[in-house]
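# got a sequence here, can you model it:
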Amino acid sequence: MSAKLPILLLICLLSFPAFAQQKTKKELKAEKAQEKQKEIEELIDAKTFVFEAQKVTPQGGRLIILNDYSYFLKFNTDITSCDLPFFGRAFNVAYNGDGGMKFEGKPENIKVGKKSKNINFQATVKGQNDTYDLMFRIFYNGSATLSINSVNRAPISYDGIIRAPEEKEKK
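Just a heads-up that it's a prediction; the model follows:
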């Protein structure tokens with residue numbers, strides 16, 4: 001009888017993991033948030049990402065919701081391109097221009113500051129007719145705020161999301 005007891009106890013202990021609890025919703029949510037944070041950090045470390053604008057706040061103006069989600073800023077260390085709407089004062093721009101915040105150029109002075117809840121990312125891009133200071137506050141869930149200061153226009157802020165560029169966008 002005494003020899004059977006340790007064997008029986010060993011069988012019970014070995015079969016216990018089969019009855020282990022599944023992960024709780026809270027644990028699954030935390031795991032998903034951790035994966036998203038890792039994805040965002042990888043995009044920022046690579047300095048290659050796309051910002052899609054969903055809302056815009058001009059200086060001294062009201063929040064404007066953008067119904068068309070085709071407004072973007074594609075950041076890459078080789079070339080950064082931007083096509084965002086602009087609402088506000090312009091000081092020295094071409095007459096009959098398209099009015100948007102549209103530029104392309106090589107980013108300079110790139111600075112990244114990681115914090116516990118977000119990442120501050122800054123860069124300067126010299127376009128054809130203006131210089132743009134880009135200041136991102138990127139949260140680990142993928143949401144972001146972009147503030148743009150330029151020489152010829154009033155400051156403006158955009159709210160949106162950060163995502164990885166698609167294959168066709170990398171070129």
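
# just the pLDDT for the closest residue to Arg89 other than its chain neighbours.
With Cβ to Cβ, 6 or more residues apart in numbering as the criterion, Arg89 has its nearest non-adjacent residue at 4.3 Å, and that residue is Ala154. C-beta here means a position set from N, CA and C on the backbone, and glycine is covered the same way. At Ala154 the predicted local distance difference test score is 89.

# do I have it right that Ala154 meets Phe87?
No - contact criterion Cβ atoms under 8 Å: Ala154 and Phe87 do not qualify, at 9.2 Å.

# okay, and the common contacts of the two?
With contacts taken as Cβ atoms under 8 Å, 6 or more residues apart in numbering, the residues that reach both Ala154 and Phe87 are Pro58.

# what is the burial count for the residue nearest to Arg89?
Other residues within reach of Ala154 by the criterion other Cβ atoms under 10 Å amount to 17.

# repeat for Phe103
The number of residues near Phe103, taken as other Cβ under 10 Å, comes to 21.

# that one: what's it in contact with?
Counting by Cβ under 8 Å, 6+ apart, the residues that Phe103 touches are Ser81, Cys82, Val125, Gly127, Gln128, Asp130, Tyr132.

# rerun that using 6 Å as the cut-off
Listed by Cβ atoms under 6 Å, 6 or more residues apart in numbering, the contact partners of Phe103 are Cys82, Gly127.

# do Gln122 as well
Taking Cβ under 6 Å, 6+ apart as the criterion, Gln122 is in contact with Lys111, Met135.

# that one should be in a strand, yeah?
Yes - secondary structure assignment (DSSP: H, G, I helix; E, B strand; the rest coil) places Gln122 inside a strand.

# pLDDT score assigned to it?
pLDDT at Gln122 comes out at 96.

# any low-confidence regions in this protein?
Within the chain, the ranges that satisfy pLDDT under 70 run 1-6, 8-21, 69, 92-99, 168-171.

# for it, which helix is longest?
Ordering each helix of the chain by length in residues (DSSP state H) puts helix 25-46 first.

# cool, thanks, talk later.
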